[in-house]
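> The amino acid sequence is not available; the structure is as follows:
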C-alpha cells in the first residue's frame, strides 16, 4: 500500500524528523492562501500515488503569488500515468547546499531491513544504482539488535565528516528504522534529504509503502488508503479471495495460482493474443468464488473471450466446474468461454461441464490458441 | 530499588493485569471509609519496604468494620524489621480456590530474564525452593525473542489444564515480561496469584524491585523512591561517589573497593572487633571524596576508631593522604585513626601522612588489630 | 536419497484442527507420509483422522519424535508457530500460511539460523519426495518417482510443470515449492546445492518468476557450484511494469527483475530457458540425453 | 602462553578521550601493552599520548589490526560500545564501565555469542598477563610473572591478594578481574578451563564474594573438570543479610549465597579456602609443594 508524500512527511514529523513547512491544497485559491502563509518562494507538488511526477511536470517552483496560482492551475487535474491530480502540496522553498538519499526497505538476500544511503540524492535512485552502484551504501540491520547507535553513527560517518551532521544523521536513521518497524513499512524513503544553508538536515520529499499483509494490525495506516477505481476493484476482489489486476487486452483470464496465471498470460501473448487481466482465484476453492470471479472478469467490457485455466491442487476441478455451471446459469453470458481443467478431480469437473457444451481443450497451449481464435 | 505492594499493583493495573480492588490509607478513619467503599470482608496490609510483614502481624483479615478499624490501629505505627508502618493497603477480601506463584528476575547463569512459576503459591517461595525445588518451574526468556505467545502458552500449560485459564495465564506472562522490560525491573513477582471462585486469575499481592543502574532512564519509577533515613544517607553518599551502609559496630571503615571493604570487615570480625559500616570510596580518587567520606563516617556516633584501608590502583595513595590531611585539619576529630596504604604511590602517601603522627601499620591484619586495640 | 523429506520424515501438523490443516493432514497421511501428530492449543488429547493432537509442539515432539512440521495456522500466528517448532527441535519447518507480515518473518530468521532449523515458506505449497513423503498441499497423484529435482516460486505452475514431466516419463526426486514471499526460508541456492549433493537427482528444473533478483543470483550460483544440468522457466514475461501479480515477489519496477533480465542471466551461464511449459520436458530430455 | 592477553594483544581503547580512558590508555601503554588505537566519535584524526583516535571501531580495526578492546565509555553507552567492538571483529572486549543497566547486558549477550566475541565485565578492573599486557585499570607494578592464575569478582581485593602472592615470591600467569555485575561475560567456569589448558599456569586462585551461586557452580566445575590445584577466598563473611555491598553480586538474602555456603562448597570438593588474605600464598605454596 502506498501513501502520499504529505502523509509520509506527517508521519516523519510525528517522530520529530525535520520536514519542510507545508500545506495540502485542493484548489488554486487554497494554494494562494498557503503561499501567503508560508512565504515565497514555494514549491507546488502534485500528490499522486505514482512515481515520475517531476518528469510529468507535476512539480513547480513559484517565486511569486501569481506563479503559485498558475502552477496550481496547471498541476491540479493533470493526468500522471493514469492518476488524476486532485491535490497538491505547497511547501516552503528551502535553500540547500547538497542533496542526499536515504531509504529503508526489505532485503530478500540478508532477510532483514536494509538501509541505503547515497551522497547522490535528488535524482532517480534507480539510475544511480544502475550507473554508479558504488555510490549507494547498503547496511543490513540485524533484526535482533535493530538500528543501534553505533550502526547509525557508522552510516552517518560514511556520509558526513562534520560531527554535528553525523549526530543529526545518526538520529534520523534511528528514527526512520523505528518508523519502519512501527508501521510495518515496506519502504521508507527520503529523496532528497537536504543539507540546508543553516547546516540542518531536512526531508524535502518523503515516500512510504506498507506491507499489505500487516495492514490488519496497522489501523492508522490502513485508514490512509486512497484507492483508485481500478484498485477498488482489486481490493473488492481480494476480499472475495481473488487477486485481480486489470490490463488492456481482450482475453479475460481466470486461473488458480499467481505463477500459473502469469504463465497463462505469457502463453496468450506468445501466441499473439492479449490478456485482459490477471485473475488468480487462489487456493482453497468454493463455487461462490468462481461466480464472483466470473462477475468481476465480465465487468470489463473489453473482454471478448474468457479463458479459464485450472490446475487442481487444493482447488478441486469439480468445485470449479460446479461454480461455473451455477454462474453461467445465473448470468447471461454471450461471449465464448474456453475451459481447461487438470489435476485434482479434473475428470469429475469435465463431466460436470459437459452440459455447457464448451469447446474441448486438453492443454494450456490448446486453450490459449482456442481463446485467441475465438477472439478474432 | 524497592516499591510498595500498592505501587506494584498500580503498575500491574496499567498493563491490564487483574488485581484486587484496594485503597491506600494513612489512618484508621481512612481504613473505615475504604472498607465501606469496598465492602466486607477486607484485608488490611502493612505497606513497608521489607519482607516478612505477614509473620510480623502486618496483614489482617477483617470481617466487620470494627475489626477493620482495630486492624488499622494495630498495624499503623507498627515496627517491621526497623521500618515503621506509615500506610496500609485495604483490599477487598477475595474468595479463591487455589494460589500460584509467578516471578520474573535476572538469571546470572543463562544471562537472561527468567520466569519462575509454581503451583505452590501463597507461601515463602524461598522455602519451596529449598524443600521442593522441582515445584518451581523455570523458563529462561531468549532476549532476542522475548516472551513469545508460544512460550507464554507453554508455561501456562505447565500450570493449568483448563484452556480458559491457560489463555489468561499466557496473557499475564506476556504482560509481566513487558513490565519487566519497560521498567528495567530486577524483580516482578505475584505471590499469590489466585484462581477466584469465578474462574479468574487475579494478583492478590505484588512486588517489584528495580535495577538501580537503570533509574536514570526510568523517571517515573525513580519518582516512587521512598528512602528511609539510613537510605537517604546511602543515596547522598552515592551521589558523592561513595557506597555507604550503616551497621551496628564501633570501628568505622573507609576502604576503596567493595571486595576489599568486605574483606576488611571480615578481618575485623575475625580478630574480635565489630565494623560500624561498609564504606567504599570507589575507583578514581580525589581529596574531596575522602573529606566527604570522613564526614559521613563520623556522623555515626557509635564510631570509636576509624580504620582506613587503601590499596592504590586507580585510587592513588597520595591523593587519599592529601585528602585525609585536609579533612583532619578542617574537622575536629577526637577519636583515633588507623591508616594503611598500599599500592600506587603508597610511599608518597605515607610521607604526606607523617605530619599527622598516626600509628604505623603495614598490613591489613596489623591495621585491623591496631583498630581493635584502640577501640577498647 | 532425495532431499529434505523422505521415509524417515516424522511429520507434525501445526493448526491441525483448522479447515485447511485437517483436510491436508488427511491428504498427506493418505499419500503415505508418516504424520505422527498435530498441534492445536487447547485441543490436546483429541485426534484428527486418527492423528493425536497436542497442546504444544514441545509435548508433541517429546511424545512422537517428530522431526518435521507443517504450518497451517492463520497468518498473524504463523511466525510464532515457526518459532515454537524451532524451539522444540524440529529440523524442517514448512510454512503454508499465506499473508504473513514480512517483519514477522524478518524477526524469525536469526532464531532459526541459531537453532539450525530449516524453513520452507511461508506462503508456499510445500514439497514432496514422490513415493516417500508429501509435506504440503501439492496434489500427490501427479508426481512420479524419478531423477529430476524441481524448485519453484509458484504453486499451480509447479503442478503444471510436474504434470508435463510425469506425462513425458520424467519422474522427480524431490519437488519443492519455495513460495513467493519477500522473506522466505530455503531458496534457490540452498536447494540447488542439496540437489547437487543428492545422488538420486540427475537434472534440476528451476521455475522462477519476475521480481527480485533471486533468479539472477541462482544463475550465478549455478555457474560457480552446480555441475548437474539445470533448465529454467520464468513466469511473467507479459506482465506490465509496476503491477503486483499476487505474489509479493512478482512485481516489476524500475527496470530490474524483468523476465528478460532473468532469462538472459540463465542463458549466459548455459542454463536453457523454456518459453512454454511444454518445452520443459524436451529440454530436460536433451540435457539428460534421453530420446 | 598465559590466557586471553599477551604480547600479541593489539589493544583499542573505546572512550579514549574521556578522563579515565585517556589516563589508563597512558598507563597501559607505559606498562608495555601494545595500545594500537582509540575510539571516540567525532574525535577521529586526533591522538592521545601518541595513540591515534578513530571515529568508529570498524575504522580503527581496519587501520590498526586491533584484536582486543577496552571500554571506558559512560555506563548508558557501554552496551552499544560492546556491540560495536563485536561487530567490528574484536575478539576480546574488556568493559570497565560501572553502572551498566542489567537489561542492556542481557540484550548484548546473544550477539556476542553469535559472533564468538569474548567479554570480560562490565564493571570490572580488567586483566593482566604480567610482563606482556595490561588491559585494565590494575596497578601494573604489583604483578610479577609466574605460574599462578588468578580470577576475582573484586578489584582492590585482587590487588591485595596479588600483593600477597608477589611479596611471597609467587608470580602470576594471568590475573582476571571478572567484575561483580549480575550479568557479566567470562566467568569462573570459562576461566578455570582456560587456566587448566594453559601450560604456564600451575595453580589457580579464585577470589569470590557473597551473593549469587557462581562460587558454588565453580566448585562443581572444579570437581568435574579441573586437575590443577585451586585455592579460594570468599569476601563478605561478616556482611549482614539483605544488604547490598556495592557490587550487585554482593547481596545476601533468604539464606542463599552466604559465605558459609560458598566455603562449604569449595571445601567439599577439596579446594582449600583462606580466611585471611595472608593465608593465600601459604595455601598456594602448600598445593605447589614449595617451601
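Structure received. These figures come from a predicted structure and were not determined experimentally.
> Quick check: the residue in the stretch 1-150 of chain C that chain D sits nearest to vs residue A:140, distance?
When you check the stretch 1-150 of chain C against chain D by C-beta to the nearest C-beta, the closest residue turns out to be residue C:114, at 6.9 Å. To be clear about C-beta, it is placed using only N, CA and C from the backbone, and glycine gets the same treatment. Distance check for residue C:114 against residue A:140: by C-beta to C-beta, to the nearest Å, it reads 17 Å.
> just to revisit the earlier point, which of the three states applies to the residue of the stretch 1-150 of chain C closest to chain D?
Under DSSP: H, G, I helix; E, B strand; the rest coil, the three-state class of residue C:114 is helix.
> Confirm for me that it is in contact with residue D:111.
No - in this structure residue C:114 lies outside contact range of residue D:111 using C-beta atoms under 8 Å: 10.9 Å.
> Show me which of these two is the more surrounded one.
Neighbour comparison, residue C:114 and residue D:111: the larger count goes to residue D:111, with 21 against 15 (by other C-beta atoms under 10 Å in any protein chain shown).
> what's the nearest residue to residue C:55 if we skip its chain neighbours?
Nearest non-adjacent residue to residue C:55, counting by C-beta to C-beta, 6 or more residues apart in numbering or on different chains: residue C:44, 3.5 Å away.
> For that neighbour, give me its contacts.
Contacts here follow C-beta atoms under 8 Å, 6 or more residues apart in numbering or on different chains; on that basis residue C:44 touches B:157, C:53, C:54, C:55, C:56, C:59.
> So it lies in a helix, does it not?
No - judged by three-state DSSP, residue C:44 forms no part of a helix; its state is coil.
> okay, it: pLDDT?
Per-residue confidence (pLDDT) for residue C:44: 95.
> phi, psi of it?
Here is the backbone geometry of residue C:44 (degrees, to the nearest 10): phi -50, psi 140.
> so who does the residue located most distally from the centre of chain C touch?
In terms of distance from the mean C-alpha position of chain C, residue C:45 ranks first, at 30.6 Å (C-alpha atoms, centre = their mean). Listed by C-beta under 8 Å, 6+ apart, the contact partners of residue C:45 are residue C:53.
> Return the distance of it relative to chain A.
Here residue C:45 is placed at a distance of 28 Å from chain A (C-beta to the nearest C-beta, to the nearest Å).
> I'd say residue C:192 and residue C:223 touch.
No - the pair residue C:192 / residue C:223 is not scored as a contact, 11.0 Å apart, by C-beta under 8 Å.
> between those two, who's got more neighbours?
residue C:192 (21 against 14).
> what about that one, which helix or strand?
Residue C:192 belongs to helix C:188-197 when assigned by DSSP states H and E.
> per-residue confidence at the residue of the stretch 1-150 of chain C closest to chain D?
As predicted, residue C:114 sits at a pLDDT of 95.
> Contact partners for it?
Going by C-beta under 8 Å, 6+ apart, residue C:114 touches D:110, D:114.
> and the nearest residue to residue A:81 once chain neighbours are set aside, which of the three is it?
Residue nearest to residue A:81 in three dimensions, not counting chain neighbours: residue A:50, with 4.7 Å by C-beta to C-beta, 6+ apart. When classified by three-state DSSP, residue A:50 comes out as coil.
> Provide a list of residues in contact with residue A:50.
Shown in contact with residue A:50 (C-beta under 8 Å, 6+ apart): A:80, A:81, A:82, A:83, C:242.
> Now the buried members of those.
Among the contacts of residue A:50, those classed as buried by 16 or more other C-beta atoms under 10 Å in any protein chain shown are A:80, A:83.
> Same list (the contacts of residue A:50) but as JSON lines, adding secondary structure and pLDDT.
Converted to JSON lines, the contacts of residue A:50 look like this (DSSP: H, G, I helix; E, B strand; the rest coil; pLDDT from 0 to 100):
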{"residue": "A:80", "secondary structure": "strand", "pLDDT": "90"}
{"residue": "A:81", "secondary structure": "coil", "pLDDT": "83"}
{"residue": "A:82", "secondary structure": "coil", "pLDDT": "81"}
{"residue": "A:83", "secondary structure": "strand", "pLDDT": "87"}
{"residue": "C:242", "secondary structure": "coil", "pLDDT": "62"}
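> Tabulate the contacts of residue A:50 (a markdown table), appending distance to residue D:3.
As requested, those are arranged in a markdown table below (distance: C-beta to C-beta, whole Å):
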| residue | distance to residue D:3 |
| --- | --- |
| A:80 | 68 |
| A:81 | 66 |
| A:82 | 70 |
| A:83 | 67 |
| C:242 | 60 |
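> quick check, nearest of the contacts of residue A:50 to chain B?
residue C:242 (36.5 Å).
> can you give me the helices in the stretch 151-300 of chain A?
For the stretch 151-300 of chain A, the helices defined by DSSP state H, counting those that start in this stretch occupy A:163-183, A:219-222, A:229-239, A:258-270, A:287-298.
> Give the full set of residues in contact with residue 115.
Just going to use chain A. With C-beta under 8 Å, 6+ apart, residue A:115 has these contacts: A:102, A:103, A:104, A:138, A:139, A:141, A:147, A:155, A:173, A:176, A:177.
> Switch to chain C, please.
By C-beta under 8 Å, 6+ apart, the contact list for residue C:115 reads C:86, C:87, C:89.
> if you set the cut-off to 7 Å instead, what comes out?
By C-beta atoms under 7 Å, 6 or more residues apart in numbering or on different chains, the contact set of residue C:115 is residue C:86.
> Please apply the same query to residue A:143.
A:112, C:106, C:107, C:109, C:110.
> Now for the residue lying closest to the first one once chain neighbours are set aside: which residues touch it?
Yep, that's residue A:112 we're talking about. Distances taken as C-beta to C-beta, 6+ apart place residue A:140 nearest to residue A:112, at 4.8 Å, with adjacent residues excluded. Residues near residue A:140 by C-beta under 7 Å, 6+ apart: A:107, A:110, A:112, A:114.
> any idea how the chain splits into domains?
Since you didn't name a chain, this refers to chain A. Here the domain assignment for chain A is A:21-92, A:96-222, A:229-375, based on automatic domain parsing.
> meant chain C, my bad for not saying
Split by automatic domain parsing, chain C gives C:11-121, C:139-288.
> do you know which of these lies nearest residue B:344?
When these are compared by C-beta to C-beta, domain C:11-121 sits nearest residue B:344, at 44.7 Å.
> Now stretch C:260-278: average pLDDT?
The predicted model assigns stretch C:260-278 a mean pLDDT of 94.
> actually stretch C:193-213, sorry about that
On average, stretch C:193-213 scores 94.
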